[in-house]
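1. below is the sequence, then the predicted model.
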Amino acid sequence: MAKKSKRRCDTLPILHPDAAGIDVGASELFVAVSADRDPHPVRSFPTFTRDLQALADWLEQCGIHSVAMESTSVYWIPIYQILEARGLEVYLVNAQHVKNVPGRKTDVSDCQWLQYLHSAGLLRASFRPPGFICAMRSLWRHRASLIQMAAEHVLHMQKALDQMNLQIHRVLNDITGVSGLRILDAILAGERNPLILARLCHGGVKSSEDVIAKSLEGDYRPEHLFALRQSLAAFRYYQQLVLEADQEIQLQLAELETAATAQPTTPPPTKATAHYARHYEPRTFDLRGELYRVFGVDLTNVPSISALTAQTILCEIGTDVSRFRNASAFASWLGLCPEKKISDGKVLFTKSRRVRSRVATALRMGAQSLHHAKDYLGEFFRRITRKLGRPQAITATAHKLARIVFHLLSTKEAYTECPI
């Protein structure tokens, strides 16, 4: 019987011999280096700060210059910052791009697989803005969570009003406006006369005094008034927290350098409708003026892009878009481009990738507001809607907005109403 010959697979060339892989967990990290760097190439470290410093010391002793890790929840942030401060090149990779072959899955095999892929040059680092942009991004996301929690207490107030059959929140556009808060404070102070409560409304309220008084006739119950009082106090407490967050964001913005192309004064807006401060826009400072100073170009002149959207772009991307090859690569990173899948010469489907990007979400929301816009982007949105439907039109218009934003940030030219 002839002896079977064993097939020998050629190994991939090692492009980064000074590479390591880290499997990130909540309470323990597993680190792998090449076998010629240490007698024990795989080690585990707890996630305490002292142990993370010991991990960085061990990598330096092994002569490691580059480290790859997955973006697991927020557990990767402490070790990323420590290794970056030590001068190591850290690759934060997408977990979808480093899937191992089916079989036994352990933390040890995961870190070894990361180390092998990184040493062979098969990993690509995810985009991460500079540290000062990341600091502002954390504050802006925290501010958004505070606004969400305040909105929950607004729902609690509306529920208490419904249970007392008070329809004031259906008559007024915003129960947390000047008129709504005056009426709620008077109700909690003991006032029950509908006519007196109706006269507390601002002169700009569209509903008549009789309708407002009619909506304030209800069944005032102590338990519902108690819930209303606590919900209103919680809403105002979160509003105070949002104000403090705005002040801290203002300090962070003041530390950013002024763009070379920025003029001393903010140029007047060129939109057909004048710029106005939105409900959740910071009121302690001029956000639009600060964004123009930092960017060197006024993004709010683009239809459907507000100061809040421009601030989201600053916090998620920064001021420098040279990391992306061109506008197409930028739109693809946002997940606003169709991705073709071809097999056997046939196109299986063309859909945009599912990407969780706050910038893409903001651009999609801006695209939806262009349905009645009397400009080039509004006509583009309506044309694509008639041709492909509203969902595809939102994505296509958001893609157009992404290309416009990339062009403005890369060239620092003012927005003009012409196709790109």
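-> Cool, the structure landed.

2. where along the stretch 1-150 of the chain do the helices fall?
-> Under the criterion DSSP state H, counting those that start in this stretch, helices of the stretch 1-150 of the chain are mapped to 49-61, 76-85, 107-119, 131-163.

3. and those as TSV, adding mean pLDDT?
-> Conversion of the helices of the stretch 1-150 of the chain to TSV gives the following (pLDDT from 0 to 100):
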stretch	mean pLDDT
helix 49-61	93
helix 76-85	92
helix 107-119	89
helix 131-163	94
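
4. out of these, which is the most enclosed?
-> helix 107-119 (a mean of 21; mean count of other Cβ atoms under 10 Å). The C-beta positions use only the backbone N, C-alpha and C, and glycine is treated the same way.

5. what packs against that one?
-> strand 19-23, strand 28-32, strand 42-46, strand 66-70 (3 or more Cβ pairs under 8 Å, 6 or more residues apart in numbering; DSSP states H and E).

6. tabulate those strands in a markdown table, adding columns for mean neighbour count.
-> Listed next are these as a markdown table, based on neighbours: other Cβ atoms under 10 Å:
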| stretch | mean neighbour count |
| --- | --- |
| strand 19-23 | 26 |
| strand 28-32 | 22 |
| strand 42-46 | 16 |
| strand 66-70 | 24 |
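
7. among those, which is nearest Ala398?
-> strand 66-70 (28.1 Å; Cβ to Cβ).

8. could the helices and strands packed on helix 107-119 go into a markdown table alongside distance to Gly378 and mean pLDDT?
-> Converted to a markdown table, those look like this (distance: least, Cβ to Cβ, whole Å; pLDDT from 0 to 100):
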| stretch | distance to Gly378 | mean pLDDT |
| --- | --- | --- |
| strand 19-23 | 49 | 92 |
| strand 28-32 | 51 | 93 |
| strand 42-46 | 56 | 93 |
| strand 66-70 | 42 | 91 |
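
9. using TSV, lay out the ones you listed together with distance to Leu184.
-> Formatted as TSV, the helices and strands packed on helix 107-119 follow (distance: least, Cβ to Cβ, whole Å):
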stretch	distance to Leu184
strand 19-23	52
strand 28-32	51
strand 42-46	51
strand 66-70	48
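
10. rewinding a little: any chance of the helices of the stretch 1-150 of the chain in CSV, plus distance to Ile14?
-> CSV is the format used below for those (distance: least, Cβ to Cβ, whole Å):
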stretch, distance to Ile14
helix 49-61, 18
helix 76-85, 21
helix 107-119, 5
helix 131-163, 31
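
11. show me the shaky parts of this structure.
-> 1-11, 100-104, 271-278, 344, 348-349, 418-420 (pLDDT under 70).

12. can I see the domain layout of it?
-> What automatic domain parsing lists as the domains of the chain is 19-119, 133-254, 287-411.

13. first-to-last residue distance for the last one?
-> Looking back up the chat, that one is domain 287-411. Using Cα to Cα, to the nearest Å, the end-to-end distance of domain 287-411 comes out at 22 Å.

14. the shortest one too?
-> Taking Cα to Cα as the measure, domain 19-119 stretches 5 Å from start to finish.

15. use 30 as the first number for this chain going forward.
-> Okay, using 30 as the starting number, the last item reads as domain 48-148.

16. thinking again about what came up before, closest one to His436 among the helices of the stretch 30-179 of the chain?
-> Judged by Cβ to Cβ, the one of the helices of the stretch 30-179 of the chain that comes nearest to His436 is helix 160-192, at 20.5 Å.
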